[in-house]
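J.: Quick check, what structure comes out for this input:
(2 chains)
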Amino acid sequence: MKQSSLRHTLAGLAIVAASGAAYAEKANDTLRVAFTKELENVDSYFNSSREGVVLQRAVWDGLIYRDPITNEYSGNLATSWEWIDDLTLELKLREGVKFHNGEPFNADDVVYTVNFVAREENGVKTQRNVNWMKSAEKVDDYTVRIHLKDKFPAAIEFLSGPVSMYPDEYYAEAGPSGMGLKPVGTGPYKVVSVTPGQHFVLEKNENYHDSPKGQPEITNIDIRTIPDVNTQMAELFSGSLDLIWQVPADQAEKLAEMDQFTVTNESTMRVGYLSMDAAGRSGDTPFTNLKVRQAVNHAINREELVAALLKGKSKVVWTPCFPSQFGCVEEAATQYEYDPEKAKALLAEAGYPDGFTTEFYAYRDREYAEAILSYLNAVGIKSDFKFLQYSALRELNMTGDVPLAFLTWGSFSVNDASAMVSQFFKHGSLDDARDDQVLADLEVADSATDPDTRVEHYTKAIERITEQAYWAPMFSYNTNYVSTKEVEYTPTADEVLRFTTMGWN
Amino acid sequence: MTQFDTQDPILAEITGPTPGQMLRKRVFGHQGLMIGAGVLVILALIAVFAPLLAPHDPYAQSLMTRMEPPVFLGGDWEHPLGTDHLGRDYLSRLIYGARVSLMIGGIAALISGVIGTAMGVAAGYFGGRVDMVVTFLINVRLAMPVVLVALAVVAILGGSLQVVIVVLGLLLWDRFAVVMRASTLQVRGREYVAAARAIGASTPRVILSEIMPNIANNLIVVVTLEMAHAILLEAALSFLGLGVQPPTPSWGLMVSEGKNMMLFEPWMVLIPGAVLFILVLAINLMGDGLRDVTAPENRS
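T.: Below you'll find the model as predicted:
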């Protein structure tokens, strides 16, 4: 750190201000947290944001639970499960569990929830999370069977992740919008109030069942949406927030230098990549040429991006999935070392000796996007930079109007390659590669029950995708959690804030 | 110029200083005008000679030397004003940014000046229906909030230097039209206009050689005001991410890029903010000064 009296004046003043105000909310047993993005709907099936996942894990429970550290599965709302055949999973449910509104939890709730979310016309936001289920059937009050459309080995992983159980009577009446305003679940925290997109107040569920999530310790959780990171930090200094997360690396470094905050860095499953329109859906683009795509891959200095911009536990990623995911075989991926000269040569071979100009889209991390843009500029790929909201870019992407984009995917923290590679390469509306060979391999890999067969075909798919340079995978994200010293919390590597494991020092 | 030799003290005493001399005296005696014009000339020279003055390529990224502090905060002379969040030289980006600001200010003021002056002079000179139509258009334009319309248009068309210049040029003509209309109304009844008409001068001739020279002083003042206005609007649009797009260096964009580190590295916002302030101040000082020295009440 370079010494200078002026440089840290502001921060210094803030510390002085903070010293008087700290310790305020531990006394009230209220943890105050900031969200950065506005959450469109608390109903976890109808949002696709990280904030939504955080609330989902607090308010609702899944049938199964995966320990974030050991990755072992245990029963949550189900106590045991068994495959009747490849397409039928039978689960025994936990007895005596009640929803926050007093409704008892039983097989009817599971049947209703599964049947509702599995129907495509009900419009669950991320179809991948639910469209592997066909229906559910009640065997008796505490036994259900879930029928699959096709063989789906990642079923247990999805049941322990994004698929949470809703109260049938209440959900039938309230629907997704009612659920979003007055959420009701079985989870460790119940929702006291929701100001859509802005303010969420949670309270400890005193009657929480004996769940592997553990019993909540902190009584109240008060969450406010504060989009600007400077404001978040100012509130942390002044003592009106106890915990902020997703803090950018630069700011986290500075906060770590001030020793009244705990700064923890954890990796996440989010992968940042460049997507190129190899199929030519946006018209006649240079990216239909393999050499151009390879040039893009060679133009980017991934090591430098990770070391200087992302920092922390981020790593260079070569695969179109997160390396810890099942089936995400790192060795299968072609690695394109940083070599701007080679990139220029490839562009020349492709018929673009002077480069070309393309539209370049991004929706988050403007700074990273600019750095990438600058690498591309250096080899002659000039760009018309467009920075859009996520939803707007996603829509453009679906209609195939995006020649080149810097995108990221967090896989909903599902530790299986199907949550990422199959999301984008199975000829869906977001698929700009449209490769039949990849499709065929993914079809097998997604539905085979034998783990070795799955790995074999994911390997083939990854080989093909990276050989053809459909994407330029670049790096994995990390996230910084910054809290006051009063808060005790050990973050996990999946970017999910778990209120149940938080306490006071 | 005059045919008398003004160096002759006797003649000078009889005739007094010529109008040119009086104007020169007023100009050089006006501190605000001199300071404003001086700063503006310096900035314009910097913008023109940017490639010679900038110590580094303003686009050269060096992620390993990001956010180095400026010299006065403990940095080194390699990067006198430090480096930005991508390790690009701050001084070089400031120098190239002057081009963007001045170009946008100048061209936008030119476009709106042509539109506004044509409308205002036509309304003032012809009166009647022309005036009604122009006044209506001015009112329509005044009813639209500039920033909001600019934001919306740029959001639809996509931000780029050209789009920003054209949008601002097409939005900022209202003050030209209002002032030129009022000024034309004042002078069109004057004797010299009537005299020009009486000797058979055509309408374009009357407007160009009788009216325009006599309302030019007001025009110059409005030009400076609108130039400053356009520069500030560009900075605002770029700050919001809808103006000039990266990697083009723009002062507004630099403020925006430095904003995230404002709490820890305030210089990243302060430096571009300060030069923006100085430029706008200089233009406004010059505009005020020009009004002072050209206004009729100051001629005697």
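
J.: helices and strands around the helix ranked longest in chain B, which ones?
T.: Across chain B, the longest stretch assigned as helix under DSSP state H is helix B:90-126. The contact analysis (3 or more C-beta pairs under 8 Å, 6 or more residues apart in numbering or on different chains; DSSP states H and E) places helix B:90-126 against helix B:31-48, helix B:50-53, helix B:128-143, helix B:161-171, helix B:174-188, helix B:212-239, helix B:251-259, helix B:267-294. No exception for glycine: its C-beta is placed from N, CA and C like everyone else's.

J.: Helix B:31-48 and that one, what's the angle between them?
T.: Interaxial angle, helix B:90-126 versus helix B:31-48 (axes from the mean of the first three to the mean of the last three C-alpha atoms, to 10 degrees): 120 degrees.

J.: between helix B:90-126 and helix B:251-259, how many degrees?
T.: Calculated by the same axes, to 10 degrees, helix B:90-126 forms an angle of 140 degrees with helix B:251-259.

J.: With distance to chain A and mean neighbour count added, can I get the helices and strands packed on helix B:90-126 in TSV?
T.: Compiled in TSV, the helices and strands packed on helix B:90-126 are given as follows (distance: least, C-beta to the nearest C-beta, whole Å; neighbours: other C-beta atoms under 10 Å in any protein chain shown):
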stretch	distance to chain A	mean neighbour count
helix B:31-48	22	16
helix B:50-53	18	13
helix B:128-143	29	13
helix B:161-171	11	21
helix B:174-188	30	21
helix B:212-239	12	22
helix B:251-259	7	23
helix B:267-294	8	20
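
J.: So which residue is dead centre in the chain?
T.: I went with chain A, as the question did not name one. The centroid of chain A falls nearest to residue A:410 when counting by C-alpha atoms, centre = their mean (3.2 Å).

J.: that's the other chain; I wanted chain B
T.: residue B:227 (2.3 Å).

J.: Quick one: residues contacting that residue.
T.: Neighbouring residues of residue B:227 by C-beta atoms under 8 Å, 6 or more residues apart in numbering or on different chains: B:105-106, B:108-109, B:283.

J.: Kindly recompute the last result at 10 Å.
T.: B:40, B:101-102, B:104-110, B:112-113, B:172, B:279-280, B:283-284, B:286-287 (C-beta atoms under 10 Å, 6 or more residues apart in numbering or on different chains).

J.: helix/strand/coil for the residue nearest to the residue nearest to the centre of chain A when sequence neighbours are not counted?
T.: With sequence-adjacent residues excluded and distances taken as C-beta to C-beta, 6 or more residues apart in numbering or on different chains, residue A:410 is closest to residue A:270, at 4.1 Å. Secondary structure state of residue A:270, per DSSP: H, G, I helix; E, B strand; the rest coil, is strand.

J.: looking at it, residue A:199 is touching residue A:221, isn't it?
T.: No. Look at residue A:199 against residue A:221 with C-beta atoms under 10 Å: they stay out of range, at 11.5 Å.

J.: quick one, which of the two is more surrounded?
T.: Legend: neighbour count by other C-beta atoms under 10 Å in any protein chain shown for residue A:199 and residue A:221, higher for residue A:221 (25 against 13).

J.: what secondary structure does that one sit in?
T.: Taking three-state DSSP, the label given to residue A:221 is strand.

J.: Specify the beta-bridge partners of the nearest residue to it once chain neighbours are set aside.
T.: Excluding its sequence neighbours, the residue lying closest to residue A:221 (C-beta to C-beta, 6+ apart) is residue A:202, at 4.0 Å. Beta bridges link residue A:202 to residue A:191, residue A:221, judged by DSSP bridges.

J.: I'd like the distance between residue A:202 and residue A:420.
T.: Residue A:202 is 30 Å from residue A:420, where distance means C-beta to C-beta, to the nearest Å.

J.: tell me the average confidence for the helix or strand harbouring residue A:52?
T.: Using DSSP states H and E, the element containing residue A:52 is helix A:50-59. For helix A:50-59, the mean per-residue pLDDT is 93.

J.: Would you mind pulling the contact partners of the following helix or strand past that helix?
T.: For helix A:50-59, the succeeding helix or strand toward the C-terminus, using DSSP H and E, is strand A:64-66. With contact meaning C-beta under 10 Å, 6+ apart, strand A:64-66 is reached by A:57, A:72-78, A:80-81, A:91, A:155-161, A:163, A:211-213, A:413-415, A:494.

J.: Name only those of those residues that count as buried.
T.: Listed as buried from those are A:57, A:73, A:75-78, A:81, A:91, A:155-161, A:163, A:211, A:213, A:413-415, A:494; burial here means 16 or more other C-beta atoms under 10 Å in any protein chain shown.

J.: Next one: the residue of the stretch 51-200 of chain B found nearest chain A relative to residue B:157, how far apart?
T.: Taking C-beta to the nearest C-beta, chain A has its nearest neighbour within the stretch 51-200 of chain B at residue B:63, 3.6 Å off. Per C-beta to C-beta, residue B:63 is found 32 Å from residue B:157.

J.: With neighbour numbers in mind, choose between the two.
T.: Comparing residue B:63 with residue B:157 by neighbour count (other C-beta under 10 Å), the higher total belongs to residue B:63, at 20 against 14.

J.: Below-threshold pLDDT in the stretch 51-200 of chain A: ranges please.
T.: The stretch 51-200 of chain A contains no residues with pLDDT under 70.
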